[in-house]
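Student: just coords:
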């Protein structure tokens, strides 16, 4: 693979993973909507040519939402903003909705700070990463795991060393198998299936995220096999 193409692919992956993290971490407001709008062009390139229905439906839902919010004003806009704030709270803040830690899903008794949290600490130390002081969360929180993949993708884009590159590809592929595959699709399914309030945005974020992560694993498998 040419160096420029490699850099383009993995920089795009890093950007999307960071976007998925921000969609769950940032509170919905005007800046949040602008972030989504600014990413739509790149997301359309990811979706173009893909047969992944989750990714396509999620993209179309986000696009329709941005078109709607840009076309209304006054009371109608205020009501939609309030609805999205309530949706965010019902999906991600209320007890018993979508727990955001991997340990919850892999532990039979839904106990936090299990082996997945310990493994994430080891991976952070391995690559010299740190969690920002303002993010008070376990290391196996969904936002941290998505940010971790973003960092590895950017590292894959930047390295010129072939051995380091394929080691990073294998690390990311193993991260899918050892972490994402065990829980993250269940987490997104909970977002999609929540019944507390009609979803006008977060179900589409969840659908796109599910589809993208599945497609990303397939890409990494192809890249890894090219070194065998």
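Tutor: Cool, got the structure. Everything numeric in this text was worked out from a predicted model, so none of it was measured.
Student: ok, and for the helix or strand hosting residue 87, which residues are buried?
Tutor: Using DSSP states H and E, the element containing residue 87 is helix 74-92. Neighbour counts over helix 74-92 (16 or more other CB atoms under 10 Å) mark 80, 83, 84, 87, 88, 90, 91, 92 as buried. Any C-beta I mention is one placed from the backbone N, CA and C, and that applies to glycine too.
Student: roughly how far apart are the last one and residue 99?
Tutor: Pointing back at residue 92 there. Taking CB to CB, to the nearest Å as the measure, residue 92 falls 10 Å from residue 99.
Student: which helix or strand contains the nearest residue to residue 69 once chain neighbours are set aside?
Tutor: Spatial nearest neighbour of residue 69, chain neighbours left out: residue 33 (5.8 Å); criterion: CB to CB, 6 or more residues apart in numbering. Taking DSSP H and E as the criterion, residue 33 maps to helix 30-47.
Student: which residues does that helix contact?
Tutor: Residues from elsewhere that reach helix 30-47 (CB atoms under 8 Å, 6 or more residues apart in numbering): 12, 15-16, 19, 22-23, 26, 55-56, 59, 62-63, 65-66, 69-70, 208, 212, 215.
Student: just the mean pLDDT for it, thanks.
Tutor: Taken as a whole, helix 30-47 has an average pLDDT of 97.
Student: tell me what whichever helix or strand comes after it is packed against?
Tutor: The helix or strand immediately downstream of helix 30-47 is helix 53-71, counting by DSSP H and E. For helix 53-71, the packing partners by 3 or more CB pairs under 8 Å, 6 or more residues apart in numbering; DSSP states H and E come out as helix 30-47, helix 74-92, helix 202-225.
Student: let's see that with 6 Å instead.
Tutor: For helix 53-71, the elements it packs on are helix 30-47, helix 202-225, judged by 3 or more CB pairs under 6 Å, 6 or more residues apart in numbering; DSSP states H and E.
Student: which residues touch that helix?
Tutor: Applying CB atoms under 6 Å, 6 or more residues apart in numbering, the contact partners of helix 53-71 are 33, 36-37, 40, 43, 47, 201, 204, 207-208, 210-212.
Student: how close does the residue nearest the centre of the chain sit to residue 172?
Tutor: Geometric centre of the chain, nearest residue: residue 20, 3.2 Å, by CA atoms, centre = their mean. The gap separating residue 20 from residue 172 is 15 Å, by CB to CB.
Student: stretch 52-72 - what's its average pLDDT?
Tutor: Regarding stretch 52-72, the rounded mean pLDDT is 98.
Student: among the helices and strands packed on helix 53-71, which is nearest residue 124?
Tutor: helix 202-225 (20.0 Å; CB to CB).
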